[in-house]
Structure formats: C-alpha cells, structure tokens
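Asks: Would you be able to build a 3D model of this:
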Amino acid sequence: MAARPAVPASPPLLAVAHGTRDPAGTAATEELLSRVRELRPGLPVILAYVDVARPHLADVLAGLTGEVVLVPLLLGAGFHIRVDIPAALAAAPRVTARIARALGPHPLLAAALADRLAQARAPGRGPVVLASAGSSDPVSRAATAAMATLLTRRLGRPAIPSYLCGGAPTPADAVAALHAEGHRDVAVASYLMTPGFFARKAAASAAAVTSAPLGAHDAVARLILDRYEQSLRRWCLVTHRMSGVRPTPPR
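Replies: Just a heads-up that it's a prediction; the model follows:
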C-alpha cells in the first residue's frame, strides 16, 4: 500500500499587536488570541508586540526559525506596518515571513463595532463618531474614513471619522460639532483594539455613550484568521509561479 504524501504543516500565525501598559489591554489581546486558537485548533498562534508591552517582536523573532505568517493586530497600515515590522524581520535572517494586511477597514469590523454599540446601549438613532487612534500617515487616515463608510452602511445612519491624534477632528470636536448642529443622540464607537490610554481619551467626549474597544470579539478573531489565510494563499501562489509545481496549501 502506497504511503500517503505528507500534508505540509501550517506555518505559525505570528500576531503582532501595538502594546499597552494597561493590564486590561494586554488581557484583551490574549483573550482575542485564545478565541483565534479555539476557531483554528492545531494552528500555532504566537503573540508579539511592537511597542510598550512584552514580549517584543524582535525577541520573539530571535527564537523562531522557518516560515511564519505575520498578522498585524493593527487597524491601519501606518508606521508600524511600513517601517517597524519590516525592520524587525530584516534583522531576523532565520525567519521567512509573509506579512498580512492590516485588519481594517473590513465589514467584519463594522459588525463588531455595531455589536459594541448595542452592548453599550447606544441610542438607536442619531450620528455616530468613529474614534480611531489616528496617524500622521494619510493612507492610514483614509482607511479610517473608509471604515466610517462601512459602519454607516451597517448602522443605516452617519458615522463620522475622528482621530485621537495625528488628524482632525478629534472625537470630542466631532461630538461638539454634531451637538451644535442640533444632534443630541450622539454615540462614540471606539475603533480601537483594546482598553488603554486611547480608549479612556475616546470616552472623554460629551457623547451620550462610548462603546468599548473591539477586544475579543468573534468577528475580529475570524478576521485575523481570514488575513492569515489570504496571506497563505498568496504565498502558495508565488511559490507555484516560481517553482512550476502545483501548490498544496498547508493545513
């Protein structure tokens, strides 16, 4: 009886978060990745941070060898994705990595944001201010605006992009402008991954309610795996084109 060909093992999913000094933020990230592991049993899932928290990305990469799919737990393709992550990989010659796209914008995030607003008992009418961390990168700010458009479609009412730093308006300014226009039922949707400094800042506006960050929402966990699979398929396709061998995606 002929032996069956070996099925290639899936490369690890290296999840790279920004990091926070807030223990609740760290716990939320770990809970999110626990959900990812539940959705994909057997897939190695490794956590690293690019700033503030530990383990740092460079330290994690130093302990790895071979192929990984790096999934940024970041909502926009800003400085960390364009500069910090590639620099860390360049200093890790034993690792071959495929970098997945940033999580946002995506309809799954709109679903998670809508759920968080409902959980906060946000008013069922009136505009929503989408509070992002912000960035000096215009591409990242444009991605936040695109996310606001997706949330508008999801809710059936306007969602206005705002930026806690690196852009205008701030959430507080956006809420104040809507109040000046006569809107009273204004909610803030926290377009943030975890609790921490920015989440507290987002909640400091005069909105009727501010939702919790995305955190360990099932839609976010599914999106992380979707980004992993997309990157893996592209990787297999490139390998196929270079080798001329029909690709067999790892399982």
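
Asks: Now do the helices for the stretch 101-250 of the chain: every range, in order, please.
Replies: For the stretch 101-250 of the chain, the helices defined by DSSP state H, counting those that start in this stretch occupy 107-119, 138-155, 171-180, 197-202, 218-243.

Asks: can I get the ones you listed in TSV with mean neighbour count?
Replies: Heads up, the C-betas are built off the backbone N, CA and C, glycines and all. Formatted as TSV, the helices of the stretch 101-250 of the chain follow (neighbours: other C-beta atoms under 10 Å):
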stretch	mean neighbour count
helix 107-119	19
helix 138-155	19
helix 171-180	19
helix 197-202	20
helix 218-243	16
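
Asks: Could you tell me the model confidence score at Ala122?
Replies: Looking at Ala122, its pLDDT stands at 96.

Asks: next structured bit after the helix or strand harbouring Leu14?
Replies: Per DSSP states H and E, Leu14 falls inside strand 13-17. Using DSSP H and E, the helix or strand that follows strand 13-17 in sequence is helix 23-39.

Asks: Out of the helices of the stretch 101-250 of the chain, flag the one nearest Asp59.
Replies: Closest to Asp59 of the helices of the stretch 101-250 of the chain, according to C-beta to C-beta: helix 218-243, at 21.5 Å.

Asks: avg pLDDT for that closest one?
Replies: 83.

Asks: circling back to that earlier point, distance from the chain centre to the strand holding Leu14, please.
Replies: 10 Å (C-alpha atoms, centre = their mean, to the nearest Å).

Asks: Each with direction, which strands does it pair with?
Replies: Its sheet considered, strand 13-17 pairs with strand 45-49 (parallel), strand 66-72 (parallel) by DSSP bridges.

Asks: so where's the chain uncertain?
Replies: 1-8, 236-251 (pLDDT under 70).

Asks: so of the strands paired with strand 13-17, which one's packed in deepest?
Replies: strand 66-72 (a mean of 22; mean count of other C-beta atoms under 10 Å).

Asks: what helix or strand is the nearest residue to Arg21 once chain neighbours are set aside on?
Replies: Nearest non-adjacent residue to Arg21, counting by C-beta to C-beta, 6 or more residues apart in numbering: Val52, 5.7 Å away. Using DSSP H and E, Val52 sits in no helix or strand.

Asks: if I look at Val52, how far off is Thr26?
Replies: Counting by C-beta to C-beta, to the nearest Å, the gap from Val52 to Thr26 is 10 Å.

Asks: and if you look at Ser135?
Replies: Ser135 is 22 Å from Thr26, by C-beta to C-beta.
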